[in-house]
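1. dropping the sequence and predicted coords here.
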Amino acid sequence: MPAPEVAVIGGGIAGCATAAFLAEAGATVRLYEREAIAAGASGRNSGILQHPMDPVLEPLYRGSLALYAELGHGFAFPPEPGGALVVSDDPVALAADREHAAARFPALAPEWLQDGALEAAEPALAPGLCAYRLATGRPVPPAAATQAWAKRARAAGAEVRIGRSAAVARRDGRAVGVVTGDGDAEPAGAVVAAAGPWTPAALGAGRQWRPILPVWGVVAQVRLAAPPRHSLEETGVEALTSPGGAGAPIFSIVTAGGVSAVGSTFTRERPDAEAVAPRLLERAARFVPALAGVAIDSVRACARPLSEDGRPLLGPVPGVNGLHLVTGHGAWGITLGPESARRVATGVLGADAGIPPELAAARFGPP
Ligand SMILES: Cc1cc2nc3c(=O)[nH]c(=O)nc-3n(C[C@H](O)[C@H](O)[C@H](O)COP(=O)(O)OP(=O)(O)OC[C@H]3O[C@@H](n4cnc5c(N)ncnc54)[C@H](O)[C@@H]3O)c2cc1C
């Protein structure tokens with residue numbers, strides 16, 4: 001078969017990694033990004049590669065770690081996990097949470113820490129808290145992974161068009177290319193939509209097809225003289241990033257390259273990041289006292305592309321031949337995106353992609 005011509009919509013982690021795999025396999029690839037590489041959540045996240053708490057997602061996690069280890073192009077893969085602490089001031093609720101995690105994911109070896117043991121393990125935490133430590137968590141600067149995948153795509157010959165929005169062009173039940181924001185029709189043999197929470201719009205989907213919704217998060221960046229040794233996360237993130245998730249802010253802090261990202265919020269509407277950030281820090285100081293009154297370096301808001309069932313949408317779209325999705329990774333797209341992209345690219349090239357039904361885009365029907 002001749003190598004296909006593929007249009008990829010979206011320059012986040014999903015689109016850039018897919019473009020890299022397709023181009024390396026010999027496809028002619030054009031990637032359309034309306035703003036800049038990593039302009040969305042892929043450049044504004046908290047920056048941790050972390051084991052998912054959903055067994056269905058574990059193969060994507062393992063595959064992505066292997067891909068990160070050999071990514072290159074300026075990406076520094078932390079060889080060992082630094083450890084993630086789930087923290088709370090409610091020992092009874094947290095103990096139940098720990099037991100649940102231990103039963104489902106024994107490999108994460110959730111270790112209970114309290115009082116002196118917690119103080120020794122994580123001196124940055126306030127007294128009176130308890131925690132369990134998971135053997136996971138590799139901090140990386142927020143945009144580093146996506147920038148490296150974009151470089152790798154370019155190195156393999158993909159054409160990256162910045163400042164170009166694109167929508168899928170369809171004819172007779174087939175994706176035949178894209179129409180750009182300038183109104184140019186650019187043909188392609190296949191289209192991959194990786195436009196994050198804006199994917200339904202890029203598909204021209206009807207109002208009733210909304211399996212991916214934005215869940216907005218604010219992150220404040222600070223520099224601490226003695227940042228936490230672990231990544232820290234208040235218990236409850238799972239519920240907020242699962243189906244229907246959205247609600248009150250939840251504390252988290254991840255430090256990479258001397259910069260700490262303090263998060264985060266979970267709202268359906270775009271927040272006023274500058275107004276929210278001081279409140280986030282005030283709350284975070286209850287967990288890490290050194291955050292009280294610290295100067296904010298920068299603030300960012302971005303939208304998690306959260307799917308209806310909390311799992312990504314991968315592969316062919318029913319009813320539109322030649323149209324594929326890589327989206328819906330919610331709170332864990334940096335962690336899981338590369339293996340999702342590899343599988344979708346494999347399917348675009350006509351081979352068995354190994355996408356289980358629980359992750360297939362087809363489960364939500366035609367757009
Ligand atoms: C506060 C916060 C913290 C997070 N922390 C982590 C974390 O620690 N670890 C982790 O693994 N994940 C984390 N995530 C989740 C992760 O950031 C996302 O799942 C991931 O970045 C989504 O990548 P994507 O490529 O699917 O979408 P996006 O990054 O949203 O990329 C989509 C791109 O498509 C472009 N686009 C949209 N429409 C069009 C169009 N019509 N034409 C052309 N271009 C278009 C956009 O400009 C954008 O650049 C976090 C998310 C948030 C919000």
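-> Sure thing, it's come through.
2. with adjacent residues omitted, what lies nearest to the closest residue to the ligand within the stretch 201-350 of the chain?
-> Nearest residue of the stretch 201-350 of the chain to the ligand (Cβ to the nearest ligand atom) works out as residue 333 at 2.2 Å. C-beta coordinates here come from the backbone N, C-alpha and C atoms, glycine included. Nearest residue to residue 333, sequence neighbours excluded (Cβ to Cβ, 6 or more residues apart in numbering): residue 13, at 5.6 Å.
3. which helix or strand contains the residue lying farthest from the centre of the chain?
-> Distance to the chain centre peaks in the chain at residue 116, reaching 34.8 Å (criterion: Cα atoms, centre = their mean). Using DSSP states H and E, residue 116 sits in helix 115-121.
4. pull the CA atoms of that helix into PDB?
-> Extracted as PDB, the C-alpha positions of helix 115-121 are listed here (Å, rounded to 0.1, in the frame of the first residue of the first chain):
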ATOM      1  CA  ASP A 115       3.400  11.600  62.900                       C
ATOM      2  CA  GLY A 116       7.200  11.100  63.100                       C
ATOM      3  CA  ALA A 117       7.300   8.800  60.100                       C
ATOM      4  CA  LEU A 118       5.600  11.300  57.900                       C
ATOM      5  CA  GLU A 119       7.700  14.200  59.200                       C
ATOM      6  CA  ALA A 120      10.800  12.300  58.400                       C
ATOM      7  CA  ALA A 121       9.600  11.200  55.000                       C
END
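5. that helix: which residues count as buried?
-> Buried positions in helix 115-121, judged by neighbour count with 16 or more other Cβ atoms under 10 Å: 118, 121.
6. C-terminal to it, what's the next element?
-> Counting by DSSP H and E, what follows helix 115-121 is strand 130-134.
7. list the helices and strands the helix or strand just after that next one packs on?
-> Per DSSP H and E, strand 130-134 leads on to strand 138-139 as the next helix or strand towards the C-terminus. Contacting strand 138-139 under the criterion 3 or more Cβ pairs under 8 Å, 6 or more residues apart in numbering; DSSP states H and E are the following elements: strand 48-49, strand 252-256.
8. what mean pLDDT does the last one have?
-> Over the span of strand 252-256, the pLDDT mean works out to 96.
9. ok, residue 73 - contacts?
-> Contacts for residue 73 (Cβ atoms under 8 Å, 6 or more residues apart in numbering) come out as 148, 149, 151, 152, 155.
10. what residues does the stretch 1-150 of the chain put near the ligand?
-> Within the stretch 1-150 of the chain, the residues that sit near the ligand (Cβ under 6 Å from any ligand atom) are 9-15, 32-35, 39-42, 45-48.
11. now, which of these lie within strands?
-> The members of those that map onto strands under DSSP state E are 9, 32, 33, 48.
12. all strands for the stretch 201-350 of the chain, in order.
-> 212-222, 231-234, 252-256, 259-263, 298-307, 313-316, 323-327 (DSSP state E, counting those that start in this stretch).
13. quickly compare the ones you listed and say which is most buried.
-> strand 323-327 (a mean of 29; mean count of other Cβ atoms under 10 Å).
14. hmm, who's touching that strand?
-> Strand 323-327 is touched from outside by 10, 14-15, 18, 168, 170, 175, 190-196, 199, 203, 212, 305, 307, 312-317, 337, 340-341, 344, 347-348, 361, with contacts defined as Cβ under 8 Å, 6+ apart.
15. 7 Å instead?
-> Here strand 323-327 makes contact (Cβ atoms under 7 Å, 6 or more residues apart in numbering) with 14, 18, 168, 175, 190-196, 199, 212, 305, 312-317, 340-341, 344, 347-348, 361.
16. can I get the helices and strands packed on strand 138-139 in TSV with distance to residue 28?
-> Below are the helices and strands packed on strand 138-139 laid out as TSV (distance: least, Cβ to Cβ, whole Å):
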stretch	distance to residue 28
strand 48-49	31
strand 252-256	35
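17. nearest to residue 131, of these?
-> With Cβ to Cβ as the criterion, residue 131 lies closest to strand 252-256 of the helices and strands packed on strand 138-139, at 12.9 Å.
18. relative to strand 212-222, how tilted is that closest one?
-> For strand 252-256 against strand 212-222, the angle by axes from the mean of the first three to the mean of the last three Cα atoms, to 10 degrees is 60 degrees.
19. strand 252-256 pairs with which strands, and in what direction?
-> Strand 252-256 has the following strand partners under DSSP bridges: strand 231-234 (antiparallel), strand 259-263 (antiparallel).
20. is any residue of the first one near the ligand?
-> Think strand 231-234. No - against the ligand, strand 231-234 shows no contacts by Cβ under 6 Å from any ligand atom, the least distance being 8.2 Å.
21. related to what we said a few turns ago, now the ones in strands among the residues of the stretch 1-150 of the chain next to the ligand as JSON lines including pLDDT and neighbour count?
-> Listed next are those as JSON lines, based on pLDDT from 0 to 100; neighbours: other Cβ atoms under 10 Å:
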{"residue": "9", "pLDDT": "98", "neighbour count": "26"}
{"residue": "32", "pLDDT": "98", "neighbour count": "26"}
{"residue": "33", "pLDDT": "98", "neighbour count": "26"}
{"residue": "48", "pLDDT": "96", "neighbour count": "26"}
